[in-house]
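Undergrad: Let's see this in three dimensions:
(one chain, ligands or ions: 1)
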Amino acid sequence: MDTTRPAAPAFAFNSVMAIAGVAVLAALVSLPVWGDDYFVVIGTRILVYWCLISGLNLVVGFAGQLAIGYVAVLAVGGYTASALCFHLGLDPFLSMAAAAALCALAGLIVGIPALRLRTFYFAVATLGAAQIVTQIAFSWTSVTGGGIGIPGPMFPGALGSVSGLYYVCMVAAILCTWLTTNLAFSRYGRELVALRDAGVAAASCGLSNRRSLVPVLIFAGALAGVAGTLYASVQTYITPEAFNFDLSLLFFVAILVGGRGTVLGPALATVILTILPELSVDLAAWSTLIHAALLLGITLLVPGGIGEGLRKLTEPPLPESRVIRIRPELARDHDRTEKAPLEASEISISFGGLKAVDAVSLSVVPGEVHGLIGPNGSGKTTTLNVICGFNTASEGAVRIGSDLLAGGVPQEAAAKGIARTFQTPKVVGEATVLQNVLIGAQSPSTGFVSAALGLPAQRQDERAMRERGMVALRTVGLDAFADLSCERLQHSELRFLEIARALMMEPRFLLLDEPAAGLSRDEIERLDELIAHLARDAGIGVLMVEHHADLIFKVCDRITVLNFGAVLASGTADEVRTNKEVQNAYLGTG
Ligand SMILES: Nc1ncnc2c1ncn2[C@@H]1O[C@H](COP(=O)(O)OP(=O)(O)OP(=O)(O)O)[C@@H](O)[C@H]1O
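TA: Predicted structure coming up:
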């Protein structure tokens, strides 16, 4: 790590934040002592809303899914717990557990369209869900009491008093915060943000919404069930009107104003948005307008919300030297005893009437560098896309040894050891350099529950991944940038970062799409050294699309030349360089 970096501003800021945090916590714990019932009720409402928002934050803030009608899940939780208490006389805590379980399912049902629908279509689907739940609440009178309503759960003894309920909600909110913070800072938080901001790169690392988002949808639903129970209890009596669109908007706006991908920002925004309408009766009547104005103001002033502003305050300064000093000897030689080549056989693909790739065959051997060159539009990137599952070949096959790749599934290619970089670097701008590299970490040994509970195995797993991430960064010479957000990196640094991310996958094959584009002469020399080492010493099979002829002829063991989608020539560097057709069609030396 860079030891020259002055850490004082971030430290001072963190100290101030820690002191402020303790002060706020002390004030909250003692609120029933120094505040009257009115304040305590507002405090209780903030805590209840936060129970829901903390979970929803993972879906909206981290995963970027516009779940605007999430009040639907709150209503399911509220009615479930109330009905169980009122009709069956069940204990409120047991009712809360049942509501959480049912809402986990409801959260999944409301959220599952996100796997197929994008942005506004998904938002409308969640609004539809809210409408359906409201209609059911009105119509299923025997259970919900219809428009007349139903009493909320009553907690026993002192817990049922105003201050007792406040403390119940506080314990629930602390638990929700702990669980969601654990998840936010685990691989799940990273993966959701990667899928949101760099979906293609995330897919190339083997990530999918199905694997990362589905457990989070279930989790957020369960927290909404807890919030629904407490909300019904605070309301003492619930009717369908209690679960109105304004409430849904508050949840959603709190996350946007708080800032995507943070926990503290939405927590502060929840407090502000709940308190603001309470400052006067006039303001209460204008609550929707206040939410809209706040959203507009924050979007214009700090587009990333409160959390973004806080993040920028703690960013370390840029290292003084930005020279990339690679240490290729650090690239670990993983167990690459498997020497089977990666082979594309007669692959073809057309876009409309254009045959972009026409019966192309090539073979990438572990320990060698294979160059793929040709004029613009000759089908190089498309060939790469077919090999790593982003495009499906209409004819032909891709194999590793005798293992046939299904095609069209980048996650499968990643699982089989194929990593790649992109013609235009694809990274998560607001995540740190190290976090970006960790997106490539494969097969974590710990699962969702372990991540949520922050179990020792999960923490150990995380530590080990970070250490590996730092080694990958040292390998490509970016370790001094580890804690900087990616958006502060230069283009050339992003190219090396993509290689570090690919190395995190411990790949058998590395597909590089124009890795030297935009690099200086010095940087190209380092890239050359790095690629040569990765192939010859670390045993990786490299397939490189490149236009820099010097680099190609220096580093490649074999070269395939494409023209109009078909193979024009193939052979060693010398064979290709002296091939008349290649000279005429591409090199311009004929
Ligand atoms: N998704 C797509 N839809 C339609 N046409 C496409 C698509 N992808 C690629 N093409 C077309 O296929 C042809 C080959 O494109 P490709 O990007 O593979 O070429 P390339 O050799 O990598 O070019 P360059 O060197 O400029 O990157 C081009 O004519 C391109 O316009």
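Undergrad: What pLDDT is listed against L179?
TA: In the predicted model, L179 carries a pLDDT score of 95.
Undergrad: Quickly find the element holding the nearest residue to it once chain neighbours are set aside.
TA: Closest residue in space to L179, ignoring its immediate chain neighbours: A452 at 4.9 Å, by C-beta to C-beta, 6 or more residues apart in numbering. Heads up, the C-betas are built off the backbone N, CA and C, glycines and all. Assessed by DSSP states H and E, A452 sits inside helix 448-453.
Undergrad: So which bits of the helix or strand just after that helix are buried?
TA: Using DSSP H and E, the helix or strand that directly follows helix 448-453 along the chain is helix 456-476. Judged by neighbour count (16 or more other C-beta atoms under 10 Å), helix 456-476 contains these buried residues: 458, 461-462, 465-466, 468-476.
Undergrad: which of those residues lies closest to D513?
TA: Nearest to D513 out of the buried residues of helix 456-476 is V476 (C-beta to C-beta; 16.4 Å).
Undergrad: what's the neighbour count on the closest residue to the ligand within the stretch 51-200 of the chain?
TA: Nearest residue of the stretch 51-200 of the chain to the ligand: V200, at 12.2 Å (C-beta to the nearest ligand atom). Neighbourhood size, V200 [other C-beta atoms under 10 Å]: 13.
Undergrad: Could you list which residues are in contact with the residue lying closest to it once chain neighbours are set aside?
TA: Distance criterion C-beta to C-beta, 6+ apart; nearest residue to V200, sequence neighbours excluded, is K426 at 5.6 Å. By C-beta atoms under 8 Å, 6 or more residues apart in numbering, the contact list for K426 reads A198, V200, A201, E498.
Undergrad: on that earlier part again, and after whichever helix or strand the residue of the stretch 51-200 of the chain closest to the ligand is part of, which helix or strand comes next?
TA: Taking DSSP H and E as the criterion, V200 maps to helix 199-204. Next along the chain after helix 199-204, taking DSSP H and E as the criterion, comes helix 209-235.
Undergrad: if we can go back for a sec, other residues contacting the helix holding A452?
TA: Against helix 448-453 from outside (C-beta under 8 Å, 6+ apart): L179, N182, L183, S186, R187, Y188, P215, F219, A457, Q458.
Undergrad: who wins for most neighbours among those?
TA: L183 (27 neighbours).
Undergrad: tell me what the helix or strand harbouring it is packed against?
TA: Per DSSP H and E: L183 is located in helix 162-184. If you count contacts as 3 or more C-beta pairs under 8 Å, 6 or more residues apart in numbering; DSSP states H and E, helix 162-184 packs onto helix 31-34, helix 37-57, helix 209-235, helix 448-453.
Undergrad: Determine which stretch of these is the most buried.
TA: helix 209-235 (a mean of 26; mean count of other C-beta atoms under 10 Å).
Undergrad: for the ligand, what are the nearby residues on this protein?
TA: Residues of the chain lying near the ligand by C-beta under 6 Å from any ligand atom: F351, L354, A356, G374, N376, G377, S378, G379, K380, T381, T382, Q423.
Undergrad: what does the domain assignment say about the protein?
TA: Per the record, the chain has its domains at 46-243, 328-428+505-587, by automatic domain parsing.
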